[in-house]
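**Student:** Return atomic coordinates for the entry below.
(chains A and B)
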Amino acid sequence: MERVFELTVNGERCAVTCEPDTTLLHVLRHELDLKGTRFGCGSGQCGACFVLIDGHPVSSCDTPMWAAEGKPVVTVEGLAEGAALHPLQQAILREQAAQCGYCISGILISAAALLARDPHPDERAVVAALDRNLCRCGVHQRVVRAVVRAAEAGR
Amino acid sequence: MTGRRRDLPAGVVANPRLSRWVSIAPDGTVRVRVGKVELGQGILTALAQLAADELDIDLAQIRMEPASTDEGPDEGLTAGSRSIEDSGAALRQICAEVRALLLAEAVTSWGLDPATVTVRGGVVGDASGRRIGYAELAVDLDRDADGSARPKADAGLRLAGTSVQRLDLPDKIAGRPRFIQDLMLEGQLYGRVLRPPSPAATLAEAGTAAAAELPGTVSVVRDGSFLGVVALDEEAAERAVAALRETAHWRERDTLPDEDDLPGYLRAAPADTFTVDESGLGRTDQIVQTMTAGYSRPFLAHASMAPSCGVARWHRDEVEVWSHSQGIYRLRWAISQALGLDEKNVTVRHVQGAGAYGHNGADDAAFDAVLLARSVPGRPVHVRWSRADELTWAPIGPAMAAELQAGLDAGGKVVTWSHEVWSQGHFSRPGYAGSPGLLAAAHLERPIEAPPAADPPPSAGGGTARGAIPLYTFPERRIRAHRVLSAPLRSSALRGLGSFLNVFAIESFMDELALAAGQDPLDYRLAQLADPRAQDVLLAAAELGRWGAESAGGRGIGFARYKGRGAYCAVVAEVEAVHEVRVRRLAIAVDAGRVVNPDGVRNQIEGGAVQATSWTLKERVRFDRRHVTSADWESYPILRFGEVPEVEVEILSRPGEPSVGAGEAAQGPTAAAIGNAVAAALGLRVRDLPLTTERILSALGE
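**Tutor:** Modelled structure (predicted):
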């Protein structure tokens, strides 16, 4: 049965009407017009649809709305503060750490969660934090460098 | 003029009208249209650099427009690492002519001093201090290029040769809608197709009522074995297609080859056999030893991060299509052919998708949208495939097998060299073999059967035979290719086409020959190469890769010149092989002639090498005799962050040599370097890809 779900997305409270098993990804992309979170596989295997829920990177493609209800959600659009890009976004640009860029939203989310819990991770910690994100263009090394440098810049 | 026109770039000869390429907006912004499309390889940025240089404007003044069949030049496919060479040359010529016209106008109509006239930032000026912007000059560009102006000499270029940042990345890292998957047109509906459960399945019966009655369903489409739905949103479309799946009954057949004996399947199948090279006569009386070895690769998926997507809208007998196709004109032709439309009634506009790496499902998804949108005239229908459909229904890179034989003299040098290669074809893009080449066309009530995959012509680098001619100075060469005349699994272009296996085979065999001769693999190669650019990349990679130094595991080297005329690339791989093969480091040297964007080339080589590492170590499309069974990222695993090697790239500077593409150059050499490094680490040669633990154990048993 359709009903109203409330949640906080990028700091703003919102209410959407949908089925309890409607996915968070669907709500973000279609109800809230936040297209930065990408569909990749629909089964939580690739990381393209990652968002932060309570600060943890979670695949939104298989998170039903009943599980997201009331939770604070941050999408890639919520990383920047106004016009100021998140240090990770700046670092990705500086290192040109993307090719097609389809996976980069989810990677930014995983990396943001890492930096929030460990502001100065070493390379090994970055690699471990990104291991649930797939990238097919092969920019992994640049991404890891960008995350490490973003953390260094924050020192 | 005809004399001058004859040596214009081919893209200009085919599309001479200046206004098709360039227009100047009132605010001085220059809109540039090219026929090449952005696939994440950064081509639009590199071409913008060239245009800005020729026009003497800043990069920020350029708008690179997406390709479209209703405006802009037709530059064929964006494929085969040809864009910088072909489109770059054409665009430079066009922009040089536009600049010359603007300058001439400033002198003749505005009275600027021809002796001191200069341009900067799109503003023409002279010694008197007068300044006129390009827009103000209002030159009519509705005229043909005639060769009356020439592109600048390299010394006059400011942006070309520098690593400017990609123009499309700021939007992408901010999460702005940039991909076709994000497209949302006025009144848009959402479509889904229910694909058959196996490649040869046909629909026996389907009840469409249950799907049609669901809330949100707008229409259900059945045409032969093609089944699909249109709904108000994606969720409703998913529900409706799930209901259709419940009611559909299919007739299925076993048509697939034995996954565990692909070389056997390829070598037994009827084939089109052709000679690739038959040259020289070796002194067979000097041969003291003959060696033979066979190599193979499995079917490989493009495995793009985004499932394919297409959007279409009908108005009476006209259809507009949005697609991430690599060839929008071919797609237009194919759609018109499949539906009996006049080509001018079909418009195809390019919208970026995720990285493609070859012919994936883009064209097919566009045609799905066309078929579904026909049921809702006037409404755009957005179709996005599922992950499973992407991995099981998009064309895949064909399995291949090669057998190499060499006659060696007393010093171990090659006297005679023979190379035979077997493969399904590498080309089934729209228009191949005269066919639309669109997946759903074969499923319609009146099906258009899909012929087996063809190969690009030798002038485009071939397919099965791509990369099969070694650059080495072997006295006698006999190279033959067998293109299999069936396609139980639908095969088409995957990055590098046949060169991935051919180079893996040649370079693995070279290592085997070197070892048999008791020679260092690098020295062995250098002694049989005459091309100094080839020698230079090998030596540069060897130095970067610490060739000859101690290694915890093993080092291996691989080399090729892509298509025999593109970029030179040499790779030194360092691997560890304890429980499984792990590639620790790839040291790569590349010579791509004059480089327009060094970081762009570096990124393509790094990415190509990482992807080739993934193919080499892990990838294999799985199937039983009926179904493709690798349908998700667990059954089709690719290299993960924790498995990616350190990649170091050195670009050899060749400012005097023509620019050639670099996007596919690393594929074959990387596989060969890894295979050779594994052989060095284990003392065991694994000739069948991928180099999994299972394969290594089975090679041990032989």
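**Student:** burial count for the residue of chain B found nearest chain A?
**Tutor:** For chain B, the nearest residue to chain A under the criterion CB to the nearest CB is B:Gly175, separated by 2.0 Å. Yep, even glycine has a C-beta here, placed from its N, CA and C like the rest. Applying other CB atoms under 10 Å in any protein chain shown, we find 25 other residues in the vicinity of B:Gly175.
**Student:** Doesn't B:Ala481 belong to a helix?
**Tutor:** No. According to DSSP: H, G, I helix; E, B strand; the rest coil, the state of B:Ala481 is strand, so it is not within a helix.
**Student:** And for the residue nearest the centre of chain A, nearest residue in space, chain neighbours not counted?
**Tutor:** Centroid check for chain A by CA atoms, centre = their mean gives A:Ile109 as the closest residue, at 3.1 Å. With CB to CB, 6 or more residues apart in numbering or on different chains as the criterion, A:Ile109 has its nearest non-adjacent residue at 4.1 Å, and that residue is A:Phe50.
**Student:** what about the one you found, neighbour count?
**Tutor:** Residues near A:Phe50, counting by other CB under 10 Å: 30.
**Student:** Can you pull the phi/psi pair for it?
**Tutor:** With angles defined as degrees, to the nearest 10, A:Phe50 shows backbone torsions of phi -60, psi 140.
**Student:** so what's B:Glu574 up against?
**Tutor:** Under the criterion of CB atoms under 8 Å, 6 or more residues apart in numbering or on different chains, the contact list for B:Glu574 reads B:Gly545, B:Ser551, B:Gly553, B:Gly554, B:Arg555, B:Val583, B:Arg584, B:Arg585, B:Leu586, B:Ala587, B:Ala677.
**Student:** Report the contact partners of the residue nearest to the centre of chain A.
**Tutor:** Under the criterion of CB under 8 Å, 6+ apart, the neighbours of A:Ile109 are A:Phe50, A:Val51, A:Leu52, A:Pro57, A:Val74, A:Thr75, A:Val76, A:Leu79.
**Student:** One more pass at 10 Å, please.
**Tutor:** A:Ile109 makes contacts with A:36-37, A:47-52, A:56-58, A:60, A:74-76, A:78-79, A:88, A:133, B:175, as judged by CB atoms under 10 Å, 6 or more residues apart in numbering or on different chains.
**Student:** ok so, going back, of the contacts of B:Glu574, closest to B:Ser296?
**Tutor:** Taking CB to CB as the measure, B:Ala677 is the one of those closest to B:Ser296, at 19.1 Å.
**Student:** contacting residues for the closest one?
**Tutor:** Applying CB under 10 Å, 6+ apart, the residues contacting B:Ala677 are B:511, B:545, B:551, B:553-558, B:571-577, B:581, B:583-586, B:691.
**Student:** ditto for B:Gly216
**Tutor:** B:Gly216 neighbours (CB under 10 Å, 6+ apart): B:189-190, B:229-240.
**Student:** Domains in chain B, by residue range?
**Tutor:** What automatic domain parsing lists as the domains of chain B is B:2-171, B:181-252+B:302-393, B:518-702.
**Student:** pLDDT on the shortest one, on average?
**Tutor:** Confidence over domain B:181-252+B:302-393 (mean pLDDT, whole number) is 97.
**Student:** List, one by one, the residues from the stretch 1-150 of chain B near chain A.
**Tutor:** For the stretch 1-150 of chain B, the contact set with chain A under CB under 10 Å from any CB of the partner chain comprises B:Glu38, B:Leu39, B:Gly40, B:Gln41, B:Gly42, B:Thr45.
**Student:** Once you drop chain neighbours, what's closest to the third one?
**Tutor:** In this case it means B:Gly40. With CB to CB, 6+ apart as the criterion, B:Gly40 has its nearest non-adjacent residue at 2.7 Å, and that residue is A:Cys100.
**Student:** In a helix, that neighbour, correct?
**Tutor:** No. Per three-state DSSP, A:Cys100 lies outside any helix segment and is coil.
**Student:** can you count the residues close to it?
**Tutor:** When neighbours are defined as other CB under 10 Å, A:Cys100 has 28 of them.
**Student:** Likewise for A:Ala67?
**Tutor:** Neighbour count of A:Ala67, defined by other CB under 10 Å: 15.
**Student:** same deal with A:Arg124?
**Tutor:** 10.
**Student:** residues in contact with it?
**Tutor:** A:Val144, B:Gly642.
**Student:** Checking it next. Helix, strand or coil?
**Tutor:** Criterion first, three-state DSSP; result for A:Arg124: helix.
**Student:** Tell me the pLDDT of it.
**Tutor:** The predicted local confidence for A:Arg124 comes out at a pLDDT of 97.
**Student:** Equivalent analysis for the one 3 residues further on, please.
**Tutor:** As predicted, A:Val127 sits at a pLDDT of 98.
**Student:** ditto for B:Gly282
**Tutor:** At B:Gly282 the predicted local distance difference test score is 93.
**Student:** My impression was that it belongs to a strand - is that right?
**Tutor:** No. When the secondary structure is assigned by three-state DSSP, B:Gly282 falls in coil instead of a strand.
**Student:** Excluding chain neighbours, what is closest to it?
**Tutor:** Counting by CB to CB, 6+ apart, the nearest residue to B:Gly282 once its immediate chain neighbours are dropped is B:Glu476, at 3.4 Å.
**Student:** So what sits opposite that neighbour in the bridge?
**Tutor:** Going by DSSP bridges, B:Glu476 is paired in beta bridges with B:Thr416.
**Student:** could you show me where the strands are in chain A, in order?
**Tutor:** Counting by DSSP state E, chain A has strands at residues A:3-9, A:12-18, A:50-53, A:56-59, A:72-74.
**Student:** Where does the prediction get shaky in the chain?
**Tutor:** Because you didn't say which chain, this covers chain A. Within chain A, the stretches with pLDDT under 70 are A:155.
**Student:** Please refer instead to chain B.
**Tutor:** Residues of chain B meeting the criterion pLDDT under 70: B:1-6.
**Student:** okay, which residue is most central for it?
**Tutor:** The geometric centre of chain B, computed from its C-alpha atoms, lies nearest to B:Gly358 (CA atoms, centre = their mean), at 3.8 Å.
**Student:** Next up, the contacts around that one.
**Tutor:** B:Gly358 makes contact with B:39, B:79-80, B:300, B:302, B:304, B:326, B:394-397, B:426, B:429, B:492-497, B:664, according to CB under 10 Å, 6+ apart.
**Student:** What of B:Gly340?
**Tutor:** B:Asp317.
**Student:** what's the distance between it and B:Arg561?
**Tutor:** Counting by CB to CB, to the nearest Å, the gap from B:Gly340 to B:Arg561 is 45 Å.
**Student:** Tell me how many other residues crowd B:Ala242.
**Tutor:** 15.
**Student:** tell me the contacts of the one residue in chain A that gets nearest to chain B?
**Tutor:** Using CB to the nearest CB, the point where chain A gets nearest to chain B is A:Gly36, with a distance of 2.0 Å. Neighbour list for A:Gly36: A:28-29, A:51, A:75-79, A:104-106, A:108-109, B:171-178, B:182 [criterion: CB under 10 Å, 6+ apart].
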